[in-house]
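**Student:** Any chance you can model this:
(one chain, ligands or ions: 1)
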Amino acid sequence: MSRLIIVSNRLPFSMEENEDKSFALRQNVGGLATAIGPYHKTHRDSIWVGWSGIDASEHTKSEVESIKKEFSDRRCVPIFLDESEVKGYYAGFSNDTLWPLLHDFPHEANFNEETFNIYADVNEKFADMVAPLIHKGDTVWIQDYHLMLLPQMLRERFPKASIGWFLHVPFPSPEIFRSLPWSREILNGILGADLVGFHTVDYANSFKASVKLLLGKDVDEQGHVELEDGRRSTVDAFPIGIDYNLYRRTSRSNLATEMRRGIEAVCGKRTGQRYATSLTAESNAATEASTKEGAWWSHYSREDLPELTLARFAASGSPKPKKVIVSIDRLDYTKGIPERLRAFELMLGKYPEWIGHVTYYLLATPSRENVPTYKRLKEQVDQLVGQINGKYSLLSWNPIHYITRSLPIKPVCGIYAAGDVALVTPLRDGMNLVAKEYLACHDGRAGALVLSDMCGAARELDQAFIVNPYDTSAVCEALHDALEISNEDSRRRNIAMQARLKFRTAATWCTGFLASLAQVASTSLADKRLRMDQRNTMMEQWDKAGSRLLLLDYDGTLTPLVRTPDRARPTQGLRSLIRRVASDPAVTLYIVSGRSHETMGAWFGDLPVGLIAEHGVWRSGYDSKADSGTGRKWTRLEGLPDAAEWKKRIEPIMRESVDSLEKSFIEQKDDAMAWHYRLSDQRKANVERMRLLEKLRAITGKLGLMVMENAKVVEVCPVAVSKGQAVAPILESGDYDFMLAAGDDSTDETMFAVMPENSWSIKVGAGITRAQSRLLNAASVQRLLGYLAAESEATRA
Ligand SMILES: O=P(O)(O)OC[C@H]1O[C@H](O[C@H]2O[C@H](CO)[C@@H](O)[C@H](O)[C@H]2O)[C@H](O)[C@@H](O)[C@@H]1O
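**Tutor:** Just a heads-up that it's a prediction; the model follows:
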């Protein structure tokens with residue numbers, strides 16, 4: 001039975017010592033434990049290996065044994081690290097070198113050979129612990145920056161194991177990453193994995209660029225890196241989601257509701273209820289007093305006490321409703337808390353009508369408190385909060401409620417739910433789940449999200465108020481706009497984002513990554529690559545055969561994929577190669593393509609080949625007498641839906657995508673339409689692609705059409721069409737004793753499916769396939785055709 005072995009720095013449980021010196025396990029609530037924990041819990045064949053958080057030297061042997069037993073009852077395998085290992089591997093290289101570097105804070109990164117060596121030793125310790133657990137067929141999924149060397153260490157021990165690695169933080173540009181003296185070791189370590197995952201396409205691209213720059217290895221369009229040992233590693237993006245329903249549900253729980261109402265009462269949003277506090281009464285009194293001549297501060301002059309003037313203004317009849325801003329972070333310099341506080345301060349100064357009307361609940365949980373940078377940050381935040389509260393507080397109102405405790409999920413959801421605005425402005429963040437959790441807690445309700453452009457979540461939550469967190473005035477304006485937005489507009493913006501979050505959850509992230517890992521590991525290029533002995537067998541069969549059939553796809557198979565469809569026009573070299581192969585009277589060669597029949601006719605009409613166009617809608621056999629080089633006879637598949645009619649429905653939908661995504665365009669064919677996005681910003685393209693697919697899938701079924709996805713293209717064509725159905729009659733009609741089909745994409749799989757048992761089927765490039773062999777790229781296909789042509793010519797000579 002194959003199992004999943006999850007490996008991460010920390011386990012999903014922590015051991016706590018009770019007063020009576022006994023031990024108990026407590027469930028961790030961090031992002032990783034929350035995302036993968038449910039999978040681990042429900043898949044009883046999975047085990048989790050990680051640091052126990054305990055120094056074994058501080059415990060007796062029997063204590064250590066009972067700790068191990070506690071963990072093993074929960075299918076966890078604890079690793080014990082001593083004080084110097086924790087210092088070098090965790091506090092040192094992971095937190096003091098990699099963390100700042102990966103978050104674009106190179107000036108905070110310490111490069112220390114000693115801590116790097118300890119980091120490598122601890123990764124080796126993990127490898128020693130994991131290796132004996134791996135059985136044939138198992139999958140190992142390694143998590144995060146603490147274990148960047150581990151994939152390669154395990155690969156050396158298990159060349160055929162299926163290994164995945166995922167980074168939960170950003171990956172920086174190669175210019176930043178290269179400053180790490182051990183950058184090459186780290187890259188090689190990661191490439192030990194079959195699948196390398198990141199939260200966003202941007203991070204994946206930065207990694208690929210680093211591989212190119214620092215290792216000199218090419219990464220192809222599909223994210224494949226070919227490695228010296230004949231393996232291939234695949235790089236891709238897998239944005240992590242949340243358990244949407246859990247947050248939605250919890251935000252409506254009794255405790256969260258109490259919490260929300262309490263906050264609303266304190267902030268003056270709710271009066272006349274049991275939550276109405278003396279503060280609210282005091283606030284009302286202040287408002288009343290300030291409007292009367294002779295209020296208590298009236299003898300001060302504006303010049304003397306401008307802030308009192310503001311206070312007076314605030315209390316004296318601003319039409320603003322009461323509003324709540326919330327933010328929840330770990331106190332880390334990447335979270336941009338001081339920058340955010342300055343923006344809030346600026347907003348109170350620039351829009352004084354909010355004074356007394358907006359309250360900011362700032363939850364900032366201190367972490368790594370013994371590290372000087374973090375200590376300084378805490379002092380800075382304390383000081384800024386004090387400064388703003390000192391400057392703007394009224395008798396009955398404080399601008400900021402500053403909470404440094406760590407709260408459990410229910411009160412957290414209550415705080416999210418109370419927030420009219422969430423201010424999520426990290427300077428850098430891999431994903432940022434707070435933004436997603438806030439939206440889940442506002443399901444069906446208004447609530448505005450101000451979101452930093454510097455976090456992974458901004459790539460998905462594009463209806464938020466997106467800001468540059470370093471730009472204080474931009475954050476100030478966005479905050480003001482978010483406070484002003486109508487409930488209707490806010491709900492409208494949220495709907496699209498919430499739909500996405502419901503659909504892409506933590507669970508789908510987990511299963512999506514594992515499904516991709518299963519796919520890439522099983523289709524590793526080395527598995528099926530056409531070996532030399534197989535080539536020799538092929539040549540012998542070719543030689544002996546009296547009647548040979550070649551079915552060759554065009555784009556990506558006979559010619560490489562290029563920027564635009566018209567640039568893929570065949571070169572003279574390719575045309576003469578095709579002519580050489582097809583001139584043999586014993587050879588029947590068909591080019592089987594998704595291209596329009598006009599293009600196929602124009603490019604290959606004069607060659608001695610049969611043509612199949614638009615994935616099988618159009619067919620033109622080759623008759624050496626009739627087709628003496630020019631005019632071609634084409635037959636169209638019968639019974640297809642009227643293209644002019646269905647295009648009226650499909651074209652406007654595709655046009656919307658063209659309008660929304662720069663550099664995308666439509667390719668028209670007689671019986672198909674294709675939306676191309678190869679030239680566009682791939683991050684935006686992915687979002688638009690998802691939208692388009694959803695819209696198309698909602699109507700194509702009814703119209704007798706289907707949606708196909710291929711290399712940077714979404715195509716709509718009649719449902720009955722496939723290359724497989726197009727070539728089946730050719731295979732049946734001829735009496736061929738050599739048959740070969742080659743193709744690079746999913747449309748070619750239908751062709752492989754109908755190939756008889758004693759034939760050759762070749763997948764070009766990577767990806768799951770039913771073909772029995774694989775060639776690297778179009779150049780390898782051309783080389784193979786060259787050998788076949790030469791073999792025929794030699795026999796005929
Ligand atoms: O069946 P094929 O011969 O593989 O044709 C499939 C599609 O090929 C063309 O698009 C692809 O190639 C372009 C040129 O390299 C590239 O720019 C594009 O991104 C690819 O998707 C063609 O334009 C489509 O109509 C075909 O369906």
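**Student:** Low-confidence bits of the stretch 51-200 of the chain, can you list those?
**Tutor:** The stretch 51-200 of the chain contains no residues with pLDDT under 70.
**Student:** Please work out which residue of it is closest to the ligand.
**Tutor:** With Cβ to the nearest ligand atom, the shortest gap between the stretch 51-200 of the chain and the ligand falls at residue 200, namely 21.6 Å. Where C-beta positions appear, they are placed from N, C-alpha and C, glycine not excepted.
**Student:** Show the contacting residues for residue 593.
**Tutor:** For residue 593, the contacting residues are 553, 554, 555, 600, 611, 612, 613, 615, by Cβ atoms under 8 Å, 6 or more residues apart in numbering.
**Student:** Which ones among those residues map onto strands?
**Tutor:** 611, 612, 613 (DSSP state E).
**Student:** Reformat the residues you listed as TSV; add distance to residue 745.
**Tutor:** Output for these, formatted as TSV (distance: Cβ to Cβ, whole Å):
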residue	distance to residue 745
611	18
612	15
613	16
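**Student:** who wins for most neighbours among those residues?
**Tutor:** residue 613 (29 neighbours; other Cβ atoms under 10 Å).
**Student:** any idea of the pLDDT on residue 527?
**Tutor:** pLDDT recorded at residue 527 is 63.
**Student:** Which helix in this protein has the most residues?
**Tutor:** When the chain is parsed with DSSP state H, its longest helix is helix 372-392.
**Student:** From residue 442, how far out is the residue of the stretch 301-450 of the chain found nearest the ligand?
**Tutor:** Residue nearest to the ligand within the stretch 301-450 of the chain (Cβ to the nearest ligand atom): residue 431, separated by 28.8 Å. Separation of residue 431 from residue 442 (Cβ to Cβ, to the nearest Å) stands at 19 Å.
**Student:** same deal with residue 502?
**Tutor:** For residue 502 relative to residue 442 (Cβ to Cβ), the value is 13 Å.
**Student:** now residue 351
**Tutor:** 23 Å.
**Student:** More neighbours: which of these two?
**Tutor:** Regarding residue 351 and residue 442, a neighbour count based on other Cβ under 10 Å identifies residue 442 as having more, with 25 against 19.
**Student:** got the phi/psi numbers for the more buried one?
**Tutor:** Backbone torsions for residue 442, taken as degrees, to the nearest 10, come to phi -110, psi 30.
**Student:** Low-confidence ranges, the stretch 501-650 of the chain, go.
**Tutor:** 522-528, 624-631.
**Student:** can you pull out the strands in it?
**Tutor:** Under the criterion DSSP state E, counting those that start in this stretch, strands of the stretch 501-650 of the chain are mapped to 548-552, 587-592, 610-613, 618-620, 635-636.
**Student:** Can you add distance to residue 206 and give those strands back as CSV?
**Tutor:** As requested, those are arranged in CSV below (distance: least, Cβ to Cβ, whole Å):
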stretch, distance to residue 206
strand 548-552, 37
strand 587-592, 38
strand 610-613, 40
strand 618-620, 43
strand 635-636, 47
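**Student:** can you tell which of those is closest to the ligand?
**Tutor:** Nearest of the strands of the stretch 501-650 of the chain (Cβ to the nearest ligand atom): strand 587-592, 7.0 Å.
**Student:** if we can go back for a sec, what's the overlap in contacts for residue 502 and residue 442?
**Tutor:** With the criterion set as Cβ under 8 Å, 6+ apart, the contacts of residue 502 and residue 442 do not overlap.
**Student:** Identify the residues contacting the residue of the chain found nearest the ligand.
**Tutor:** Per Cβ to the nearest ligand atom, residue 594 is where the chain lies closest to the ligand, at 2.6 Å. Taking Cβ under 8 Å, 6+ apart, we find residue 594 in contact with 555, 613, 614, 615, 672, 674, 710, 715, 747.
**Student:** Most widely separated two among those residues?
**Tutor:** 613 and 710 (15.2 Å; Cβ to Cβ).
**Student:** just to revisit the earlier point, please settle this for me: is the residue of the stretch 301-450 of the chain closest to the ligand part of a helix?
**Tutor:** No - using DSSP: H, G, I helix; E, B strand; the rest coil, the secondary structure at residue 431 is coil, not a helix.
**Student:** right, and residue 126 touches residue 77 too?
**Tutor:** No - distance between residue 126 and residue 77: 10.3 Å, which falls outside the contact criterion (Cβ atoms under 8 Å).
**Student:** Find residues that contact each of these two.
**Tutor:** residue 49.
**Student:** Looking at these two, which is more packed in?
**Tutor:** residue 126 (24 against 18).
**Student:** The more buried one: what's it in contact with?
**Tutor:** Counted by Cβ under 8 Å, 6+ apart, residue 126 has contacts 7, 49, 79, 147, 150, 153.
**Student:** ok, those residues vs residue 473, which is closest?
**Tutor:** Looking across these and measuring by Cβ to Cβ, the closest to residue 473 is residue 147, at 41.1 Å.
**Student:** and this structure, which residues reach the ligand?
**Tutor:** Neighbours of the ligand within the chain, by Cβ under 6 Å from any ligand atom: 553-556, 561-565, 568, 593-595, 667, 674, 676, 678, 710-713, 715, 745, 747.
**Student:** gap between residue 451 and residue 428?
**Tutor:** 13 Å.
**Student:** So between those two, which is more surrounded?
**Tutor:** Between residue 451 and residue 428, counted using other Cβ under 10 Å, the more crowded position is residue 451 (29 against 22).
**Student:** Cross-check the contact I'm expecting between the more buried one and residue 460.
**Tutor:** No - the pair residue 451 / residue 460 is not scored as a contact, 10.1 Å apart, by Cβ under 8 Å.
**Student:** can you pull out the strands in the stretch 51-200 of the chain?
**Tutor:** Under DSSP E, counting those that start in this stretch, the stretch 51-200 of the chain gives strands at 76-79, 139-143, 162-166, 195-198.
**Student:** Adding distance to residue 496 as columns, could you present those strands in JSON lines?
**Tutor:** Output for the strands of the stretch 51-200 of the chain, formatted as JSON lines (distance: least, Cβ to Cβ, whole Å):
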{"stretch": "strand 76-79", "distance to residue 496": "39"}
{"stretch": "strand 139-143", "distance to residue 496": "30"}
{"stretch": "strand 162-166", "distance to residue 496": "27"}
{"stretch": "strand 195-198", "distance to residue 496": "24"}
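**Student:** mind checking which of these is nearest residue 70?
**Tutor:** So among these, strand 76-79 is nearest, using Cβ to Cβ, at 8.7 Å.
**Student:** Direction included, what does the closest one pair up with?
**Tutor:** strand 46-51 (parallel) (DSSP bridges).
**Student:** Return the alpha-carbon coordinates of the partner strand using PDB.
**Tutor:** What follows is strand 46-51, C-alpha atoms only, in PDB (Å, rounded to 0.1, in the frame of the first residue of the first chain):
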ATOM      1  CA  SER A  46      -0.300   9.100   6.100                       C
ATOM      2  CA  ILE A  47       2.400   9.900   8.600                       C
ATOM      3  CA  TRP A  48       4.000  13.200   9.600                       C
ATOM      4  CA  VAL A  49       7.600  13.600  10.500                       C
ATOM      5  CA  GLY A  50       8.900  16.800  12.200                       C
ATOM      6  CA  TRP A  51      10.700  18.500  15.000                       C
END
